[in-house]
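1. Can you look at this prediction? I've put the sequence above it.
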Amino acid sequence: MSSNFPLSHEELEALTKKFPTPFYIYDEKAIREYLRYFHKAFSIFPEFREYFAVKACPNPYILKILAEEGCGADCSSLPELMLSKMVGLKGEFVMFTSNETPAEEYQYAVAEGDIINLDDITHIDFLKESLGKLPETICFRYNPGQAKHGCNSIIGSPEEAKYGCTREQLIEAYKTCKDAGVKRFGLHTMVASNELNPDFFIDTAKLVFDLAVELKEKSGVSISFVDLGGGIGIPYKPGQKPVDLEYVAKGIHKLYEETIVPAGLDPMRICFECGRPITGPYGWLVTRAIHEKHIYREYIGTDSCMADLMRPGMYGAYHEVTVSGKENAPKDHVYDVVGSLCENCDKFAVQRELPEINRGDLIIVHDAGAHGRAMGFNYNGKLRAGELLLRSDGSVKQIRRRETIDDLFATLDLQGVASFE
Ligand SMILES: *Cc1c(COP(=O)(O)O)cnc(C)c1O
């Protein structure tokens, strides 16, 4: 079940006088509370770090809050590295988990001391060419393919994923790096996406811990940190439950005692790079019903569209929708709640039971705080919504303004057009 929207109907109506819909709003207090719970659960390890996946919510105000709570940043592009640096995150606090990376991006990351997480064995030479030498610390991304290594739960189809190295490649890759003078090593994998089964993460840790032990034997390197990736899901649908992080941490800790400690790899830092559970449930898209339409179905047209939130259109993803002020009204209507894009998949909710919606009602799309605004686009000349932050003290700050038509046309040389024949 998604978390409660933090403003009353009156407060939200008042807010829309100052900031017209559509907009995103994030709840600082709830984000901080979740992170404290996350960090506490994993405090049973000698060292732990959550690197927030910047792509989920690339706003420096949000990153600053996360940094204050002790998070690092997981980046995969130069602008993400730059955003992180803006809020003081660099060096050991930045994991550069990129793929198909240009040389300039490696150069920037290494100059900041960020941790380079290589996606492939051939990137060792590429990195050496880009930098002149290898950095002191290197991490590699593991793709377990079909190998399940005694895991209970099913791990998607990593053999179809473009990411990471095979086990055999890793044994060779760490040896090569060690011989080339690399001093510190990390091991990374990410094999889940929006997964709600807590055992999945324990099984992933087993896979990675076993490999860390094997790498010590076969490549002669001691892994200093393992990064278990992101992929912790959130309860988008009614009836779903959030992942119990204490259970996950205890399960991983047991494996740590059983495999990492006897192998002499303790203390080894445990890392995650989650985006979705950190900001997802604590961000909402607020839009207003501006049209209603009665044809073969009942439609509610909003002043937003999938350019602001493409998950439903792209993946058929479910997002809880509520109507401000009608939280307790009977859900005795069935609607498609739609946006204005010229694409029929532009629907925030399909055949959804909702209270009666009138023109002017404020519609709240839940669990939009991760992979929401960030995935927005400008197709159809749509201007993306801005972002507001509900501060812990109850005040509201605009942390990104809405796009303007000038923004949209900024990459065009409009004067050139006038004289173009
Ligand atoms: C997208 C991504 C994440 C974050 O995934 P969430 O589902 O938001 O937790 C972490 N690491 C990598 C490498 C990713 O591509």
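-> Yes, it's here.
2. From the ligand, how far off is Gln415?
-> Distance, Gln415 to the ligand, by Cβ to the nearest ligand atom, to the nearest Å: 40 Å. For glycine as for every other residue, the C-beta is placed from the backbone atoms N, C-alpha and C.
3. wait, is that residue part of a strand?
-> No - Gln415 sits outside any strand when classified using DSSP: H, G, I helix; E, B strand; the rest coil, being helix.
4. How many neighbouring residues does it have?
-> When neighbours are defined as other Cβ atoms under 10 Å, Gln415 has 8 of them.
5. so what's it scoring on pLDDT?
-> Note for Gln415: predicted pLDDT of 92.
6. for it, what are its contacts?
-> Contacts of Gln415 were listed using Cβ atoms under 8 Å, 6 or more residues apart in numbering, and none were found.
7. where exactly do the strands run in the stretch 51-200 of the chain?
-> 72-75, 94-97, 115-118, 137-142, 184-189 (DSSP state E, counting those that start in this stretch).
8. Of these, which is nearest Leu285?
-> Using Cβ to Cβ as the criterion, the shortest distance between Leu285 and the strands of the stretch 51-200 of the chain is 23.8 Å, found for strand 72-75.
9. how distant is that closest one from the center of its chain?
-> Its chain's C-alpha centre lies 10 Å from the corresponding centre of strand 72-75 when counted by Cα atoms, centre = their mean, to the nearest Å.
10. three-state assignment of the residue in the stretch 301-421 of the chain positioned nearest to the ligand?
-> Per Cβ to the nearest ligand atom, Ala370 is where the stretch 301-421 of the chain lies closest to the ligand, at 5.5 Å. Counting by three-state DSSP, the backbone at Ala370 sits in coil.
11. Next up, the contacts around the nearest residue to Gly275 once chain neighbours are set aside.
-> In space, not counting the residues next to it along the chain, Gly275 is nearest to Ala56; the distance is 2.7 Å by Cβ to Cβ, 6 or more residues apart in numbering. Taking Cβ under 8 Å, 6+ apart, we find Ala56 in contact with Gly275, Arg276, Ile278, Thr279, Gly280, Ala370, His371, Ala374.
12. give the contact list for the residue nearest to Asn143 when sequence neighbours are not counted.
-> Taking Cβ to Cβ, 6+ apart as the measure, Asn143 lies nearest to Gly164, with 3.1 Å between them; neighbours along the chain are not counted. With contact taken as Cβ under 8 Å, 6+ apart, Gly164 is in contact with Asp119, Asp120, Phe140, Arg141, Tyr142, Asn143, Pro158, His188, Thr189.
13. top of those residues by neighbour count?
-> The most crowded member of the contacts of Gly164 is Tyr142, carrying 28 neighbours; neighbours defined as other Cβ under 10 Å.
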